[in-house]
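# I need the structure of the sequence given here:
(one chain, ligands or ions: 1)
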Amino acid sequence: MPTQTRIEVAKDPADLAHRAARWIADLAGRSQDRFAVSLSGGSTPRRLYQLLAEPPFREAMPWNRIHWFWGDERFVPPDHPDSNYRMVREALLSRAPVPAANIHPVETDGDPAMAARAYEQTLKTYYGAETLDPARPLFDVELLGLGPDGHTASLFPGTKVLDERRRWVAEIVGAKPEARITLTYPVLESSRHTAFLVAGGDKREPLARVLAHDRELPAARVQPLGELVWLVDEEAYPDR
Ligand code: 6PG
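The predicted structure is shown next:
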């Protein structure tokens, strides 16, 4: 079970983005060594990523020590409109002093299985070991989203990847029109501080089910090693 779980309700998506930016900048600022961040894709985190590149967060972030990873990726070229890498590049990486060596995108050339194997190697090389040690989480901060069907990263309901506990990265073919590359649960759980960012009325039902531990929803099965924060807006989590 995560050491601690809490729910933080933001007024609206803008407030949610500010709260998340403060949370990340504070954690990164308090770290001493390199700092690994796993980014979620989709639309919710875009404003957060933009904020991190702007004052006051731009000045607060130790850019040279932060490494950027992706929790999942669509198997499309990096300049494709659906690319999570492209979204982060436009919102953050092209607007902040991020060393190129600190950016670790999923390479989407070759075929999905090759891309998954290559990204698994990227993670293992950064981590410096072939197996994850619960005492030494891979990520310092991990951001996750929640889909209307309760998916997170590219872990979709009813897919066999939900049972994958050996591989770090898997290719998902057939669940969506485009193939996906996703981190598996063991890697998503190897995180000191994990936050789900959830906004909008269309997430109200899946969020309620996840918070009620409905394991049919993949997001409900994420049990991070460290802190788990639900950063939600009032649309998604109406005051009870
Ligand atoms: C992706 C994401 C995915 C996303 C959820 C929520 O590649 O799409 O990683 O897991 O976080 O689908 O997406 P929204 O924030 O756009 O609602």
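# just checking, residue 134 touches residue 225?
Yes - counting by CB atoms under 8 Å, residue 134 does reach residue 225; the two are 5.9 Å apart. To be clear about C-beta, it is placed using only N, CA and C from the backbone, and glycine gets the same treatment.
# Could you check which of these two is surrounded by more residues?
The neighbour count for residue 134 versus residue 225, taken as other CB atoms under 10 Å, is higher for residue 225 (21 against 9).
# if I look at the more buried one, how far off is residue 188?
10 Å (CB to CB, to the nearest Å).
# what residues does the protein put near the ligand?
With CB under 6 Å from any ligand atom as the criterion, the chain meets the ligand at residues 40-44, 71-72, 84, 145-147, 151-153.
# quick one, phi/psi of residue 136?
Backbone torsions for residue 136, taken as degrees, to the nearest 10, come to phi -140, psi 80.
# pLDDT score assigned to residue 4?
Listed pLDDT for residue 4 reads 84.
# just to revisit the earlier point, identify the contacts common to residue 134 and residue 225.
residue 190 (CB atoms under 8 Å, 6 or more residues apart in numbering).
# gap between the two ends of stretch 125-136?
One end of stretch 125-136 sits 15 Å from the other (CA to CA, to the nearest Å).
# for it, the distance to its chain's centre please.
Centroid displacement of stretch 125-136 relative to its chain, using CA atoms, centre = their mean, to the nearest Å, is 18 Å.
# Could I get the buried residue list for whatever helix or strand residue 21 lives in?
For residue 21, the host element (DSSP states H and E) is helix 13-30. Going by neighbour count (16 or more other CB atoms under 10 Å), the buried part of helix 13-30 is 13, 16-21, 23-25, 27-28.
# Partner strands of the next helix or strand after it, with direction?
Next along the chain after helix 13-30, taking DSSP H and E as the criterion, comes strand 35-39. Strand 35-39 sits in its sheet next to strand 66-70 (parallel), strand 139-144 (parallel), going by DSSP bridges.
# residues touching the closest residue to residue 42 other than its chain neighbours, list them.
Distance criterion CB to CB, 6 or more residues apart in numbering; nearest residue to residue 42, sequence neighbours excluded, is residue 145 at 4.7 Å. The contact partners of residue 145, taken as CB under 8 Å, 6+ apart, are 40-42, 44-45, 152, 196-198.
# run the last query once more with 10 Å
Applying CB atoms under 10 Å, 6 or more residues apart in numbering to residue 145 gives the contacts 40-45, 71-72, 151-153, 196-199, 203, 219.
# residues near residue 117, how many?
Neighbour tally, residue 117, other CB under 10 Å: 16.
# Can you pick out the most distant pair from the buried residues of helix 13-30?
13 and 28 (22.1 Å; CB to CB).
# looking at the strands paired with strand 35-39, which is closest to residue 114?
strand 66-70 (16.5 Å).
# buried ones in stretch 231-240?
Applying 16+ other CB under 10 Å to stretch 231-240 flags 231-233, 235-237 as buried.
# which other residues reach it?
6-17, 19-20, 23, 44, 48, 143, 146, 195-208, 211, 230.
# Now do residue 194 against the ligand, distance only.
As for residue 194, its distance to the ligand is 13 Å (criterion: CB to the nearest ligand atom, to the nearest Å).
# Repeat that for residue 204.
13 Å.
# Now do the contacts for that residue.
Contacts of residue 204 (CB under 10 Å, 6+ apart): 148, 198, 232, 235-238.
# do that again at 6 Å, thanks
Residue 204 makes contact with residue 236 under the criterion CB atoms under 6 Å, 6 or more residues apart in numbering.
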